[in-house]
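# what shape does this take:
(4 chains)
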4 protein chains.
Amino acid sequence: MKVGIVGITGYSGMVLYTLLTQHPQVSEISLYGSVQESVALSDLIPAFGKNDILVKPLNIETIQDEVDCLFCATPSGVTGKLMQPLVDAAFPVIDLSGDFRLRESQLYENWYHQKGRELPSAEKITYALPEFTTHYSPYIANPGCYATATLLGLAPLAQAGLIEAGSIITDAKSGVSGAGKNSAAHTHFPFINENLWVYRLNQHQHIPEITQQLGEWDKNLQHIQFSTTLLPITRGIMVNTYAKLTRSMTQQKLEAIFGQCYVDKPFVRFRGAQLPTIKEVVGSNFCDIGVVWNSTTQIVTIVSVIDNLMKGAAGQAVQNFNLYFGFKETAGLPLFPIFP
Amino acid sequence: MKVGIVGITGYSGMVLYTLLTQHPQVSEISLYGSVQESVALSDLIPAFGKNDILVKPLNIETIQDEVDCLFCATPSGVTGKLMQPLVDAAFPVIDLSGDFRLRESQLYENWYHQKGRELPSAEKITYALPEFTTHYSPYIANPGCYATATLLGLAPLAQAGLIEAGSIITDAKSGVSGAGKNSAAHTHFPFINENLWVYRLNQHQHIPEITQQLGEWDKNLQHIQFSTTLLPITRGIMVNTYAKLTRSMTQQKLEAIFGQCYVDKPFVRFRGAQLPTIKEVVGSNFCDIGVVWNSTTQIVTIVSVIDNLMKGAAGQAVQNFNLYFGFKETAGLPLFPIFP
Amino acid sequence: MKVGIVGITGYSGMVLYTLLTQHPQVSEISLYGSVQESVALSDLIPAFGKNDILVKPLNIETIQDEVDCLFCATPSGVTGKLMQPLVDAAFPVIDLSGDFRLRESQLYENWYHQKGRELPSAEKITYALPEFTTHYSPYIANPGCYATATLLGLAPLAQAGLIEAGSIITDAKSGVSGAGKNSAAHTHFPFINENLWVYRLNQHQHIPEITQQLGEWDKNLQHIQFSTTLLPITRGIMVNTYAKLTRSMTQQKLEAIFGQCYVDKPFVRFRGAQLPTIKEVVGSNFCDIGVVWNSTTQIVTIVSVIDNLMKGAAGQAVQNFNLYFGFKETAGLPLFPIFP
Amino acid sequence: MKVGIVGITGYSGMVLYTLLTQHPQVSEISLYGSVQESVALSDLIPAFGKNDILVKPLNIETIQDEVDCLFCATPSGVTGKLMQPLVDAAFPVIDLSGDFRLRESQLYENWYHQKGRELPSAEKITYALPEFTTHYSPYIANPGCYATATLLGLAPLAQAGLIEAGSIITDAKSGVSGAGKNSAAHTHFPFINENLWVYRLNQHQHIPEITQQLGEWDKNLQHIQFSTTLLPITRGIMVNTYAKLTRSMTQQKLEAIFGQCYVDKPFVRFRGAQLPTIKEVVGSNFCDIGVVWNSTTQIVTIVSVIDNLMKGAAGQAVQNFNLYFGFKETAGLPLFPIFP
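Below you'll find the model as predicted:
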């Protein structure tokens, strides 16, 4: 397979490159970036060492001749216009941006603050949380990092119709690499080091993507109270989700439900009542999940952790790539976290 | 005033010492520790510089002759036995431990895992959250760090009877200094650095202290869903609390309720919809609070932050000391955070 | 005393404000910034709480009527032009920038990369490392952070003529707050967190300031090998200096020389062979110093630590202010580090 | 190949396991630890996921039947006694401890503070810095982490006889994972976070290992001034080495010497005057090196960085394993750092 990566100089693009370079089914990688002329990757990312590979300007018209599949790691807003021709052409694209995740134009406008964009019809796009995707269209919208951790934590209960409507509260936290490679006041080391910052409360653009998917699993689940906190760490997301249930519950039943849901999913490690820490997954494509039932408050706590650049971005993109093309689901993905 | 500090080598004891040394009403400080013989403070804590002050073994029988007030920063479990004679003698003590915060022996036994301890009658002890304490007994139980931040966040709504019973969910996070000065597997740098760890879920000993106080404000509030997460920072606590309300609400009304509650409280800075960050209070005795109403989910989010060693321990102890003895509430307490 | 601060929104300016607010000899503080119109400090720095103080545009012509002394915390390059009238007027200024530290225009041009600026005559300016300043002119050039830690480490040996010419090697490390409040690629959290970065090797603008002062103490000391490394911490500098000596040495003699030099200096704590850590001084105006003689290599290692925003900037400025105006040297300066 | 790992629960052992699991020439891994009975790896290290592999008690007598090569990641002091029979048997061992690195018993006694241990004759042991090892005995002493970074930085100049005797000064810094998995006062998060700690100055046990190797390259190089600083990061070492040279030098010549030395070494990336940062190698087996000549001081600065658990321990062990058994030098070793 020949694959291309657009947006190589962003964090997701970098990680995609390191994964695909070592992928057993990938024979050639083409790199595209917002460059005027071709430039050596070595000059852009010295940490990747000396090699001959170039980052080229993207030409959307010839891309189909150059590669068999394109990974797109450009920002939301930019991606929509850039990729529309490939959506129309039904060319295999794995898109890490948020531009094709939502199905209603109005939702996109409200949450992404971009006016007048018409979304393609639903059958052209698959929003692909790979654990629960059974049919893939060529254009794959890779889920957002927060959405991935939140949805994997809620899926077993939501699919079973066990969650009381209006009761979901999610307190999500992310490392700073989730904010991208450009420096800003809130990613300035003296600001966020030794600090926590709650941002975009009730306004994070992953909210509609989460409720859209939850609604598919259980049409009663229309809202989610969702907060996002920036952590003084580089990589990793922890999501704590709290919910009330529609039926009586015990810790044992809870563990059985989660255990069964994920028994054959290679990248979800259900840990029972042992709550996972972020470092147990950083560097890997795993989502680790723990659950605890509180019989006093009758509330379930679900803790799910991922590496935001792996299972939350590049790793999940490769997982979707594997599933779409019929490769082994784990091909090219590291089996261990970087620990310690 | 002559004051004493027991437990000078712990983090709270250290901070107490730095505050009391600079307190305008304190003329002399005696230090007590678990030492066999007197030892120079300089030898125990070189960062405090060379001086002649000694850390002496505590003799509970003579303490009343040596000081006018005792600050007790010894661990829960130890403190109860050690301080009982001073409770009986109605001698002024400000106790930073958890041993006299609860009013029911059974609760203490359940949450502190210590059997057969009889608690003194309620009138001998004041659990003193200083913003809401109107009458002080000589023996003052200083609130726990998590309890302080959580209760100050909930007080305006709880006191107004506005919180829907069973709806409070608190997601609290703390820096590692909250775990004390002794090293352990979970405070080992390679474990907690670049990590988050949810610990003692539904089992944290500050839970009964919070519900005890909430119940006084509104007898319908008997439970709280409460999680605690260890953060890779040294100092500071952030508490996110979510709740449903008993009456219809707007952001404006919410801000009015909080604003009015804290208008004359020097150490609570209500920030409206501007959510505070931890570093805005570290080094100070402030509790900063922000609130946001979500009209879609009909849930309020309250974010409160404190320095766990100041407003969560030593600073609040000095604040209680000031109020008990009739000094200015802010005496001896820094007016600014250490920022950046 | 009425004092003014120019550059309040930078880190040094912020710290200056917190110190001067609590200074016993300061009755009024005026704040100046690069603002078009007066703006409330509360709006610029919410962490400092609500108060009525304004940040005003600086008018250099009327400043002498408004304050008795000006603290200047504007950047190098800007400061020179801005403050020249006050140099000429012999008005008391404590200048934290690098613009008046060097005595030769050519040196300034080479190291600050600014052409054609004429420096005032030496008698108008005092480069004031307060431990060794005996005479003050009204315009005080406050030493740089790296220079302060390096010079205090070398002073006892340099003043005694004990250092072998050409043998000084300094490996200095600084927290990120030293780079100021503006975000940049190298202060972006994902870059510097879990990282070290050696920058401006052999080109740091504090080098000529160090050699200028060393040359005054011992004219043989004309060069210094000097490296600077950015640390993933917010505050603090550690300087390791290595040197060969002109006479035979022992650990005991070494400690005697340092001990004697600093016996009556309130802000230098000589620690003998116990090497200080950064956190032992952060939040205070102390410079802690340890020395170790290696009899095998015949090389002395000197470790000196400061808080770059205190003894390295604002704290030292207040110390100079105290000495210039004849106040107690320690007035308004915290006596303890923030520890832990 | 069947390989064994002793000491799987330490950090080096863990990393060894993740590398060898993915090594193309390794068909089976046996794990040994200080356990009384076999225990599932999943129970000891949950982050490694569920699998059937057991950690067994080590039986040195049967080990030769069970594996073809043993990686030994037990502590210095323990290892010597444990492995002596395998030294005698000339069985392939790659030993990550310090017990067989030195060739003189007296040196070992002085630096490791262990009395009366007789070291095997030199021909039985290879101290193998793989870039410069031409002949391997079966028992391989893997170099220490600090020694690796320091020696790779000095090798080109030392081998060319260019370094002035007595002039080498090394200021080395390491992340906390270098101190191992057991918690201690100096690895307690509130101590080392936001801090730096210079430890074992002039007494670090890697000093004799460095001088032993330097002496082989140039018998004039008998001493090194060597300091070690603990950093508030988990992984990574940066070594700054300063030296005077025996011949006149330019930046260009310097780069030519280093470039030539490492032209065909896959794991040393010479970066010229671009000084490397730690994160550019963490997660990989690379040692990145930059050099800068200072024509004013006539001193060279060499900056070398490694991941202490990879090139400084487990990665280098696999590199030695590859070379000893004639596999491709890079087999089983990641080609990219974990970045960001």
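
# quick check: phi and psi on A:Leu58?
The phi and psi torsions at A:Leu58 (degrees, to the nearest 10) take the values phi -80, psi 130.

# domains for chain A, by residue range?
Each domain of chain A is listed here as a residue range: A:2-142+A:313-325, A:146-306, per the TED database.

# I'd like the average pLDDT over the first one.
Okay, so that is domain A:2-142+A:313-325. Mean pLDDT, domain A:2-142+A:313-325: 95.

# so which of the domains of chain A is the most surrounded?
Mean neighbour count (mean count of other C-beta atoms under 10 Å in any protein chain shown) peaks for domain A:146-306 among those, with a mean of 21. Placement of C-beta: from N, CA and C, glycine included.

# for A:Ile289, list each beta-bridge partner.
A:Phe270, A:Ser304 (DSSP bridges).

# contact partners for it?
A:152-153, A:258, A:262, A:268-271, A:276, A:302-305 (C-beta atoms under 8 Å, 6 or more residues apart in numbering or on different chains).

# go on, A:Val55?
By C-beta under 8 Å, 6+ apart, the neighbours of A:Val55 are A:Ile8, A:Thr9, A:Leu31, A:Tyr32, A:Gly33, A:Val35, A:Ser38, A:Val39, A:Ala40, A:Leu41, A:Leu44.

# wait, A:Val282 touches A:Asp307, no?
Yes - between A:Val282 and A:Asp307 there is a contact at 4.7 Å, judged by C-beta atoms under 8 Å.

# which residues are in contact with both of those two?
Between them, A:Val282 and A:Asp307 share the contacting residues A:Arg235, A:Gly236, A:Pro337, judged by C-beta under 8 Å, 6+ apart.

# show me these that map onto helices.
Taking DSSP state H, every one of the shared contacts of A:Val282 and A:Asp307 sits outside helices.

# which one of these is nearest chain C?
A:Arg235 (8.2 Å; C-beta to the nearest C-beta).

# can you tell me which residues contact the closest one?
Contacts of A:Arg235 by C-beta under 8 Å, 6+ apart are A:Gly175, A:Ser177, A:Val282, A:Gly283, A:Asp307, A:Asn308, A:Leu309, B:Glu194, D:Pro340.

# any idea how far it lies from B:Pro190?
Plainly put, A:Arg235 is 15 Å away from B:Pro190 if you go by C-beta to C-beta, to the nearest Å.

# just put the contacts of A:Val55 in JSON lines and tack on secondary structure and distance to chain C.
Formatted as JSON lines, the contacts of A:Val55 follow (DSSP: H, G, I helix; E, B strand; the rest coil; distance: C-beta to the nearest C-beta, whole Å):
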{"residue": "A:Ile8", "secondary structure": "coil", "distance to chain C": "17"}
{"residue": "A:Thr9", "secondary structure": "coil", "distance to chain C": "12"}
{"residue": "A:Leu31", "secondary structure": "strand", "distance to chain C": "21"}
{"residue": "A:Tyr32", "secondary structure": "strand", "distance to chain C": "22"}
{"residue": "A:Gly33", "secondary structure": "strand", "distance to chain C": "17"}
{"residue": "A:Val35", "secondary structure": "coil", "distance to chain C": "18"}
{"residue": "A:Ser38", "secondary structure": "coil", "distance to chain C": "23"}
{"residue": "A:Val39", "secondary structure": "strand", "distance to chain C": "18"}
{"residue": "A:Ala40", "secondary structure": "strand", "distance to chain C": "20"}
{"residue": "A:Leu41", "secondary structure": "helix", "distance to chain C": "18"}
{"residue": "A:Leu44", "secondary structure": "helix", "distance to chain C": "13"}
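
# wait, which of those is closest to chain B?
Distances from chain B to these, taken by C-beta to the nearest C-beta, are shortest for A:Thr9, at 23.6 Å.

# test my guess that the closest one contacts A:Pro75.
No - the pair A:Thr9 / A:Pro75 is not scored as a contact, 11.7 Å apart, by C-beta under 8 Å.

# now do the residue of the stretch 51-200 of chain A found nearest chain D against chain C, distance only.
Relative to chain D, the nearest point of the stretch 51-200 of chain A is A:Ser177 (5.2 Å; C-beta to the nearest C-beta). To chain C, A:Ser177 is 5 Å away according to C-beta to the nearest C-beta, to the nearest Å.

# what do you get for A:Glu66?
31 Å.

# would you confirm that that residue contacts A:Ile5?
No - taking contacts as C-beta under 8 Å, A:Glu66 lies outside contact range of A:Ile5: 11.8 Å.

# show me whatever sits in contact with both of these two.
A:Ser30.

# quick one, helices of chain A?
A:11-21, A:41-44, A:63-66, A:78-88, A:105-112, A:145-159, A:189-192, A:207-217, A:251-261, A:315-325.

# and of those, who's closest to C:Leu58?
Nearest to C:Leu58, of all those, is helix A:189-192, at 25.1 Å by C-beta to C-beta.

# just the CA trace of that closest one, in PDB.
Written as PDB, here are the backbone C-alpha positions of helix A:189-192 (Å, rounded to 0.1, in the frame of the first residue of the first chain):
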ATOM      1  CA  PHE A 189       4.800  26.600  30.300                       C
ATOM      2  CA  PRO A 190       4.700  29.100  33.300                       C
ATOM      3  CA  PHE A 191       0.900  29.200  32.800                       C
ATOM      4  CA  ILE A 192      -0.100  25.600  32.700                       C
END
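
# hmm, stretch A:321-339 in reach of chain C?
No - against chain C, stretch A:321-339 shows no contacts by C-beta under 8 Å from any C-beta of the partner chain, the least distance being 11.2 Å.

# quick one: end-to-end distance for that stretch.
The straight-line separation of the ends of stretch A:321-339 (C-alpha to C-alpha, to the nearest Å) is 26 Å.

# then stretch A:154-165?
13 Å.

# which ones are touching the nearest residue to A:Lys50 once chain neighbours are set aside?
Nearest in space to A:Lys50, with sequence neighbours left out and distances taken as C-beta to C-beta, 6 or more residues apart in numbering or on different chains, is A:Ser42 at 5.2 Å. Applying C-beta under 8 Å, 6+ apart, we find A:Ser42 in contact with A:Phe48, A:Gly49, A:Lys50, A:Asn51.

# so what's the residue of the stretch 1-150 of chain A at minimum distance from chain B up against?
With C-beta to the nearest C-beta, the shortest gap between the stretch 1-150 of chain A and chain B falls at A:Asn110, namely 11.5 Å. For A:Asn110, the contacting residues are A:Pro208, by C-beta under 8 Å, 6+ apart.

# next one: it from B:Arg247, what distance?
28 Å.

# A:Phe336 too?
A:Phe336 is 52 Å from B:Arg247, by C-beta to C-beta.

# cool, and A:Ser27?
65 Å.

# do the same with A:Ala141
Taken as C-beta to C-beta, the span from A:Ala141 to B:Arg247 is 41 Å.

# any idea where the strands of the stretch 151-300 of chain A begin and end?
A:169-174, A:197-199, A:225-230, A:237-243, A:268-270, A:287-294, A:299-306 (DSSP state E, counting those that start in this stretch).
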